[in-house]
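Enquirer: quick check, what structure comes out for this input:
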Amino acid sequence: QLQLVESGGDLVQPGGSLRLSCAANGFHLDDYSIGWFRQAPGKELEGVSCFSRSGGISDYYLDSVKGRFTFSRDNANNTVYLQMNSLKPEDTAVYYCAAVRGPMCSIPYDYWGQGTQVTVSS
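Expert: As a prediction, the model looks like this:
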């Protein structure tokens with residue numbers, strides 16, 4: 001079955017860190033550009049970051065997460081990660097990874113993860 005499987009969400013105190021994982025089953029993530037999104041309660045889906053297949057000028061982080069969130073790939077394990085440091089209560093949301101085949105992030109995405117809950121609270 002072709003799917004993205006996410007993990008890593010948790011309850012963490014402000015200032016803490018989490019690493020979200022997004023693993024692909026049935027296809028190779030190194031052929032895909034990756035987007036990370038989040039949806040907070042009562043709010044619309046928000047784009048957090050975009051990383052093109054080979055890395056490039058189209059890659060971006062949402063301004064509010066710049067310097068705190070870092071994307072990485074592990075092609076050997078067919079997994080991508082979002083390292084989140086210095087977490088704030090406003091980072092609380094369900095986080096989704098998405099993959100689109102090709103050199104750049106673009107809609108529509110081909111695959112979506114099931115979402116993982118991140119809660120930042122003391």
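
Enquirer: only C-alpha atoms for contact and neighbour calcs from this point on.
Expert: Will do.

Enquirer: which residue is nearest the middle of this protein?
Expert: By Cα atoms, centre = their mean, the mean C-alpha position of the chain lies nearest to W36, the distance being 3.2 Å.

Enquirer: who are the contact partners of L45?
Expert: F37, R38, Q39 (Cα atoms under 8 Å, 6 or more residues apart in numbering).

Enquirer: so which of those residues is the most crowded?
Expert: Neighbour counts for the contacts of L45 (other Cα atoms under 10 Å) peak at R38, which has 22 neighbours.

Enquirer: that one and A99, how far apart?
Expert: Noted for R38: a distance of 15 Å to A99, by Cα to Cα, to the nearest Å.

Enquirer: check contacts around T92.
Expert: A40, Q117, V118, T119, V120.

Enquirer: which phi and psi does it have?
Expert: Main-chain torsions, T92, degrees, to the nearest 10: phi -60, psi 120.

Enquirer: tell me the pLDDT of the spatially closest residue to it that is not a sequence neighbour.
Expert: Closest residue to T92 apart from its sequence neighbours, by Cα to Cα, 6 or more residues apart in numbering: T119 at 4.6 Å. On the pLDDT scale, T119 is placed at 98.

Enquirer: check which helix or strand covers T119.
Expert: According to DSSP states H and E, T119 maps onto strand 116-120.

Enquirer: where does the prediction get shaky in the chain?
Expert: Scanning the chain for pLDDT under 70 picks out 57-58.

Enquirer: run through the bridge partners of the closest residue to N77 other than its chain neighbours.
Expert: Distances taken as Cα to Cα, 6+ apart place A23 nearest to N77, at 7.9 Å, with adjacent residues excluded. Taking DSSP bridges as the rule, A23 bridges to V5, T79.

Enquirer: distance of A23 relative to P41?
Expert: Distance from A23 to P41, counting by Cα to Cα: 25 Å.

Enquirer: how about the contacts made by F71?
Expert: F51, V80, Y81, L82, Q83.
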